[in-house]
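Chemist: below are the sequence and a predicted model; questions follow.
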Amino acid sequence: MVLKGNNKRGSAPKTLASQVGKLIKPIFGERGFTDSAIVNDWQEIAGEYLAKHCAPEKIHYSHGKKSKGTLHLRIDNGGLAIQLQHLEAVLIERINAYFGFGAVESIRITQGPLPKTTENKFSSPRLLSKIEERRLFNCLRDINDDDLHHALERLGRAIMSKTSKELP
């Protein structure tokens, strides 16, 4: 006998990404971020050099608004802070183009040390050995979907570059 509608196990398994998003949304919301994209994708938005020397801290919006906010950036270099003041319009344009709407209208710069996690986030991974490259290739050879193959290759490289070379 098959019962319909009253499944004790609930629905299908949920992805980790969907659950993590639900958990961190309130944390980022306290800082004015609607999601973690500006933090996670800061290097892509600002460029590698700028991302190494500054990090978004929060976005402040006027009461009840979710656009035309003030992005608060922490920057570790006084000389770069002056340059950034001159390039503010360009950075705002890049941020808004990334999000597809006028999320940021102005930037407020605070000079000071960056959190250690931001500095370490952009360190270059080590190159894989020929043996590691072969292992990665062998693991992914049956993946036909190009997007999935590329994503898994990046993930595999990231994991293998952070682990010891002495794995069997």
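Modeler: Great, that's in hand.

Chemist: could you list the residues in contact with stretch 145-162?
Modeler: 125, 126, 127, 128, 132, 135, 136, 139, 140, 143 (Cβ atoms under 8 Å, 6 or more residues apart in numbering). Quick note: C-beta positions are derived from backbone N, CA and C, even for glycine.

Chemist: now the fifth one, nearest residue through space, not along the chain?
Modeler: It stands for residue 132. residue 160 (5.3 Å; Cβ to Cβ, 6 or more residues apart in numbering).

Chemist: and that neighbour, helix, strand or coil?
Modeler: helix (DSSP: H, G, I helix; E, B strand; the rest coil).

Chemist: please apply the same query to residue 73.
Modeler: strand.

Chemist: so what's it closest to, chain neighbours aside?
Modeler: In space, residue 73 is closest to residue 54, 4.9 Å off (Cβ to Cβ, 6+ apart).

Chemist: quick one: that neighbour from residue 116, how far?
Modeler: 15 Å (Cβ to Cβ, to the nearest Å).

Chemist: ok, residue 48 next?
Modeler: 18 Å.

Chemist: now residue 139
Modeler: Residue 139 is 32 Å from residue 116, by Cβ to Cβ.

Chemist: same check, this time on residue 162
Modeler: 17 Å.

Chemist: next: residue 155.
Modeler: 24 Å.

Chemist: burial of the residue nearest to residue 73, as a residue count?
Modeler: 25 (other Cβ atoms under 10 Å).

Chemist: can you check residue 161 too?
Modeler: For residue 161, using other Cβ under 10 Å, the count is 14.

Chemist: roughly how far does it sit from residue 67?
Modeler: 39 Å.

Chemist: swap in residue 115?
Modeler: 27 Å.

Chemist: stretch 97-104: end-to-end distance?
Modeler: 10 Å (Cα to Cα, to the nearest Å).

Chemist: show me the contact partners of that stretch.
Modeler: 37-38, 41, 44-45, 59, 66-71, 92, 95-96.

Chemist: and those, which are buried?
Modeler: 38, 45, 59, 69, 71, 92, 95, 96 (16 or more other Cβ atoms under 10 Å).

Chemist: and the nearest residue to the last one once chain neighbours are set aside, how far is that from residue 46?
Modeler: It refers to residue 96. In space, and not counting its chain neighbours, residue 96 is closest to residue 102: 5.3 Å by Cβ to Cβ, 6+ apart. Using Cβ to Cβ, residue 102 is found at 18 Å from residue 46.

Chemist: go on, residue 75?
Modeler: 11 Å.

Chemist: tell me, what's touching the two both at once?
Modeler: Joint contacts of residue 75 and residue 46 (Cβ under 8 Å, 6+ apart) are residue 54.
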